[in-house]
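**Q** Sharing a sequence plus its predicted fold:
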Amino acid sequence: MSFEESGEAWRSQVLEEWNDTGAPYPRDASIPELFEEHVRRAPGALALRFPGGQMTYAELDARADDLAGVLLEAGVGPDQLVGLCLERSAEAIVAILAILKAGGAFAPLDPAYPPDRLAFMLEDTAAPVLVTRRELLARLPETSARVICLEDLNPHPPAPSPGPPESPAPGEGETCGVSGGVGVSGVRGRPSPG
């Protein structure tokens, strides 16, 4: 029997009742605030598992706080784009969380993209800060952005920090409106025509 032949009651159960998974959450809280609340509830819980290791919520939070402090010193603030050129890794998760904690937004730059596309994206976003690894610099075009190489920050896992860095807020009680940048399509790195 096909899905279409199964009857309206069963179809309704599958598509509507079983799919009704909405849950209330504080819509006025930012992603970093929601994350930090989880850290307070379960600091020793496993947050990331990756080849060669794992990281608890407390460890992930401490690493993100450390990088967020560096980003704030580099001038990252509310709704400011930060170029993020990292391979998929635990470091990328730390960097994304750090950028959000600093109040910024990230523009993902896949190091596997063609050089022309990376050049266009860096130029188009005008991101004043770029987070990457030293080994990926050769794939990137010259940029006026301040480049932060992760391995230059702290080669050893940091001790837990006393708390999150103070990030500038866009306004009293408001959260940042931008949390991620959008790339462009097109094989050569330029947007596809209309």
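**A** That came through, no problem.
**Q** Test my guess that residue 82 contacts residue 107.
**A** Yes. With contacts counted by C-beta atoms under 8 Å, residue 82 reaches residue 107, the gap being 7.0 Å. All C-beta atoms are positioned from the backbone trio N, CA, C, and that covers glycine.
**Q** Tell me which of those two has more neighbours.
**A** Legend: neighbour count by other C-beta atoms under 10 Å for residue 82 and residue 107, higher for residue 82 (27 against 22).
**Q** Could you tell me how far that one is located from residue 148?
**A** 9 Å (C-beta to C-beta, to the nearest Å).
**Q** Grab the most central residue of the protein for me.
**A** When C-alpha atoms, centre = their mean is applied to the chain, the residue found nearest the centroid is residue 96 (2.6 Å).
**Q** Count the neighbours of the closest residue to residue 56 other than its chain neighbours for me.
**A** Spatial nearest neighbour of residue 56, excluding adjacent residues (C-beta to C-beta, 6 or more residues apart in numbering): residue 44 at 5.3 Å. When counting by other C-beta under 10 Å, one arrives at 10 neighbours for residue 44.
**Q** Residue 44: what secondary structure?
**A** Secondary structure, DSSP: H, G, I helix; E, B strand; the rest coil: residue 44 is coil.
**Q** what is in contact with residue 82 and residue 107 at once?
**A** residue 127 (C-beta atoms under 8 Å, 6 or more residues apart in numbering).
**Q** Wait, a strand at residue 148?
**A** Yes. According to three-state DSSP, residue 148 belongs to a strand.
**Q** In this structure it contacts residue 128, no?
**A** No. Using C-beta under 8 Å, residue 148 is not in contact with residue 128; the gap is 11.2 Å.
**Q** the more surrounded of the two?
**A** Set residue 148 next to residue 128 and count neighbours by other C-beta under 10 Å: residue 148 wins out with 21 against 17.
**Q** Which residue is the nearest non-sequential neighbour of the more buried one?
**A** residue 131 (5.0 Å).
**Q** residues shared between the contacts of residue 148 and residue 128?
**A** Common neighbours of residue 148 and residue 128 (C-beta under 8 Å, 6+ apart) are residue 74.
**Q** Show me where this protein dips below the pLDDT cut-off.
**A** 1-5, 154-194 (pLDDT under 70).
**Q** residue ranges for the helices of it, please.
**A** Ranges of helices in the chain, per DSSP state H, are 8-12, 31-41, 57-73, 90-101, 115-125.
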